[in-house]
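Participant: only the shape, not the letters, is given here:
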DNA sequence: CCCAAACTATGATATTTGTCATGTTTTCTG
DNA sequence: CAGAAAACATGACAAATATCATAGTTTGGG
């Protein structure tokens, strides 16, 4: 059984503030789970029994709309805690979690988290700050959706994906997202995404090789109108 | 000096869980402020020294975009705490707060709030749950912006404003918002908002008298496509 | 109570984005 | 490695929404 004390993912979230004793308990009660690309971790409107800490891979949090399309609210990578909001509010999930590529998660029972929130003030405040950060990001996303063009949102998303999930040895974005995934994030049709990627390519802002995308000029992407 | 123990607004937010001793302290250090319609409580990118508890009136939280328009992320009414997120994260504001009509606020210094978060576990957890709720609302708003038409968003906003801020004796919405305010909330042009309100009027979903709006059928508004 | 300013209203037109159709390329699997 | 499925790509057209122009109506301050 892998020891949580040595987990890198933990350093990236509130669990970095857990005491040694709490970490020992987590090590004992956690379970490591593996999902394949496309697998559903949970659906909308489910009760969760714990949170999932991402150790490897990318997971998308999305909601299905009436017309059958889904919108991706955010991507979760190494260190992100999936289901944290639902556990705290005690409500059912309002988003589904789906593996974008093969992923490895640690499931931590909710009692463990809730107990630490109630007993460990430092942990509790860190969770509070994390939620405040998430809230800010969600509000900023809302504003982007309202005020920016599809072109601008796609440009920003490419930069974000590059910064957050990095690039491989050739400089191509490591997060191997489909055009459809990008469309779901920026809230547009897949065809529109493809069309704009073609424009970006013509304008020299990006280059592609198959489905892979390489950013050629972050600077110019930032200035897209 | 008004005593916080008896304040109705307090019952509507996390401050309902403060101890008598804490409330006494808040009563002493709080200041009551009055703003006129259009007054700015704070701008984007300011450091706050405390939170503002809405006692009366409505305040909009919005962000200015590059093209000079602003987008309203949410409306704050009686009991809402303005600036809570910024105080918790320790960051500057990312939204501005502007009075939509004449309002009365209580300013509470941040130390008072932060001390209670650190020492009062019940209060801290309640704030956590509030943030979780805010996060859910922001994410839902993001999805609505991406998936719904302007017509649907306007219909939902009218229902929301009716439920949240009530109606006057004639059944007209009490929150006396401008067409421009609605446009800013749903993320569209003022003209589009006016045009759709005219459609709703023709379809019998609402009626108007000057700038005032009365919902004639919540049921049908909910079904707008 | 009158007038200016602010707000509401509507038409004409432009722009953005979505939808449908169709073909090509890439990737996966036996 | 072949064939099928999935993903990518692009054109033509439709729909939604923004922008600009212009006019009517309401509201608040002197």
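Facilitator: Perfect, I can see it now. Everything quoted here is computed from the prediction, not taken from an experiment.

Participant: ok, the residue nearest the centre of chain A - contacts?
Facilitator: In chain A, the residue lying closest to the centroid (Cα atoms, centre = their mean) is residue A:76, at 1.8 Å. Residues in contact with residue A:76 (Cβ atoms under 8 Å, 6 or more residues apart in numbering or on different chains) are A:54, A:58, A:59, A:60, A:61, A:82, A:97. To be clear about C-beta, it is placed using only N, CA and C from the backbone, and glycine gets the same treatment.

Participant: cool, residue A:166 as well?
Facilitator: So residue A:166 contacts A:173, A:174 (Cβ under 8 Å, 6+ apart).

Participant: ok, now the one 5 residues further on?
Facilitator: Shown in contact with residue A:171 (Cβ under 8 Å, 6+ apart): A:214, A:215.

Participant: redo that, cut-off 7 Å
Facilitator: The neighbours of residue A:171, taking Cβ atoms under 7 Å, 6 or more residues apart in numbering or on different chains as the test, are residue A:214.

Participant: against chain B, how distant is it?
Facilitator: Distance, residue A:171 to chain B, using Cβ to the nearest Cβ, to the nearest Å: 30 Å.

Participant: rewinding a little: which ones among the contacts of residue A:76 map onto strands?
Facilitator: A:54, A:59, A:60, A:61, A:82, A:97 (DSSP state E).

Participant: so where's the longest helix in chain A?
Facilitator: Across chain A, the longest stretch assigned as helix under DSSP state H is helix A:121-147.

Participant: how far away from the center of its chain is that one?
Facilitator: Centre-to-centre, helix A:121-147 and its host chain are 13 Å apart (Cα atoms, centre = their mean, to the nearest Å).

Participant: and that helix, anywhere near chain B?
Facilitator: Yes: Helix A:121-147 reaches chain B (Cβ under 7 Å from any Cβ of the partner chain) through A:121, A:124-125, A:127-129, A:131-136, A:138-143, A:145-147.

Participant: what's that helix packed up against?
Facilitator: Judged by 3 or more Cβ pairs under 7 Å, 6 or more residues apart in numbering or on different chains; DSSP states H and E, helix A:121-147 is in contact with helix A:110-119, strand B:70-76, helix B:84-89, helix B:110-119, helix B:121-147.

Participant: turn those into JSON lines, columns for distance to residue A:208 and mean pLDDT.
Facilitator: Formatted as JSON lines, the helices and strands packed on helix A:121-147 follow (distance: least, Cβ to Cβ, whole Å; pLDDT from 0 to 100):
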{"stretch": "helix A:110-119", "distance to residue A:208": "41", "mean pLDDT": "95"}
{"stretch": "strand B:70-76", "distance to residue A:208": "33", "mean pLDDT": "96"}
{"stretch": "helix B:84-89", "distance to residue A:208": "38", "mean pLDDT": "97"}
{"stretch": "helix B:110-119", "distance to residue A:208": "48", "mean pLDDT": "95"}
{"stretch": "helix B:121-147", "distance to residue A:208": "25", "mean pLDDT": "96"}
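
Participant: grab the nearest non-local neighbour of residue A:49.
Facilitator: Excluding the flanking residues, the one nearest residue A:49 by Cβ to Cβ, 6 or more residues apart in numbering or on different chains is residue A:110, at 5.8 Å.

Participant: cool, residue A:209 as well?
Facilitator: residue A:172 (6.7 Å).

Participant: thought the one you found was touching residue A:212?
Facilitator: Yes: if you go by Cβ atoms under 7 Å, residue A:172 and residue A:212 touch, sitting 4.1 Å apart.

Participant: neighbour count winner among these two?
Facilitator: Each of residue A:172 and residue A:212 has its neighbours counted (other Cβ atoms under 10 Å in any protein chain shown); residue A:172 has more, 19 against 15.

Participant: what ranges of chain A fall below the confidence cut-off?
Facilitator: A:1 (pLDDT under 70).

Participant: show me which residues of chain A sit near chain B.
Facilitator: Checking chain A against chain B by Cβ under 7 Å from any Cβ, the hits are A:63, A:65, A:71, A:73, A:85, A:88-89, A:94, A:117-118, A:121, A:124-125, A:127-129, A:131-136, A:138-143, A:145-147, A:187.
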